[in-house]
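In: Pasting the sequence and the predicted coordinates here, then a few questions.
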Amino acid sequence: MLSILRYALGVYRRWKGSESRIIVCSSPPPFDVFINHRGVDTKRNVAALLYDRFLHLKLNPFLDYRSMKPGDELKEVIETAIRNCKVGVAFISPNYCTSENCLHELALLMECKKKVIPIFYDINPSALVLVDNGSFPAKHLHRFRLALELAKGRVGISFDSSIGDWSILLKQISDRVMEVLIELDQRQ
């Protein structure tokens, strides 16, 4: 926790005449992995378990309800986390396409050209369809559809929670994330 605080706090000096003041500004730490998920389907089970696995592996994961604090500006913190993360894991589940927030996060991950690992959780990729029932702003429909098409076009991990082994799924995801992080580090 102390190391996260060191990353999160930047100290700046401001001089005013002979008086100096220290102003402490918080900035989010750079996250290794952003976990994009539909809360009603995955928040309290596989997403939280994956977050804990990443912590165990000494990574800095972002999971909304675990990484944010009361008073945080929701949209600002999430968008900054996406822009500064190294890799995204998208748990695409049965209710995923009904969430404007999930689709916005996926679109932003794709627009920022992040490596995104799609997890098709209790859904077949071919079943992913964004229905225009008036619940999303028309100006966002194109970017949401494009993001879904890009996710469907990537090799992902399919998982059926009624017969699948969660420990195997978590290992598959974390192993792949570690491979991507190593690849990214080698490029720098």
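Out: In hand now; what should we look at?

In: When you work out contacts or count neighbours from here on, use the C-alpha atoms and nothing else.
Out: OK.

In: Where do the helices of the protein begin and end?
Out: For the chain, the helices defined by DSSP state H cover 2-8, 39-42, 48-56, 64-67, 74-84, 100-111, 138-152, 166-187.

In: any low-confidence regions in this structure?
Out: 1-29 (pLDDT under 70).

In: please redo it, this time with the cut-off set to 50
Out: 1-20, 24 (pLDDT under 50).

In: Format the helices of the chain as JSON lines; extra columns: mean neighbour count.
Out: What follows is the helices of the chain, written out as JSON lines (neighbours: other C-alpha atoms under 10 Å):
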{"stretch": "helix 2-8", "mean neighbour count": "11"}
{"stretch": "helix 39-42", "mean neighbour count": "17"}
{"stretch": "helix 48-56", "mean neighbour count": "17"}
{"stretch": "helix 64-67", "mean neighbour count": "14"}
{"stretch": "helix 74-84", "mean neighbour count": "17"}
{"stretch": "helix 100-111", "mean neighbour count": "20"}
{"stretch": "helix 138-152", "mean neighbour count": "16"}
{"stretch": "helix 166-187", "mean neighbour count": "14"}
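
In: The nearest residue to residue 84 once chain neighbours are set aside: what's it in contact with?
Out: Sequence neighbours aside, residue 30 is the residue nearest to residue 84 in space, at 5.5 Å (criterion: C-alpha to C-alpha, 6 or more residues apart in numbering). Under the criterion of C-alpha atoms under 8 Å, 6 or more residues apart in numbering, the neighbours of residue 30 are 60, 81, 84, 85.

In: With residue 129 instead?
Out: Contacts of residue 129 by C-alpha under 8 Å, 6+ apart are 97, 145, 148.

In: wait, isn't the second one in contact with residue 128?
Out: No: the pair formed by residue 145 and residue 128 falls short of the contact definition of C-alpha atoms under 8 Å, at 9.6 Å.

In: Relative to residue 168, how far out is residue 69?
Out: 31 Å (C-alpha to C-alpha, to the nearest Å).

In: so how many other residues sit close to residue 94?
Out: Using other C-alpha atoms under 10 Å, residue 94 has 17 neighbouring residues.

In: gap between it and residue 45?
Out: 15 Å.

In: Residue 95 now?
Out: Counting by C-alpha to C-alpha, the gap between residue 95 and residue 45 amounts to 15 Å.

In: Have a look at the two and say which one is more surrounded.
Out: residue 95 (15 against 12).
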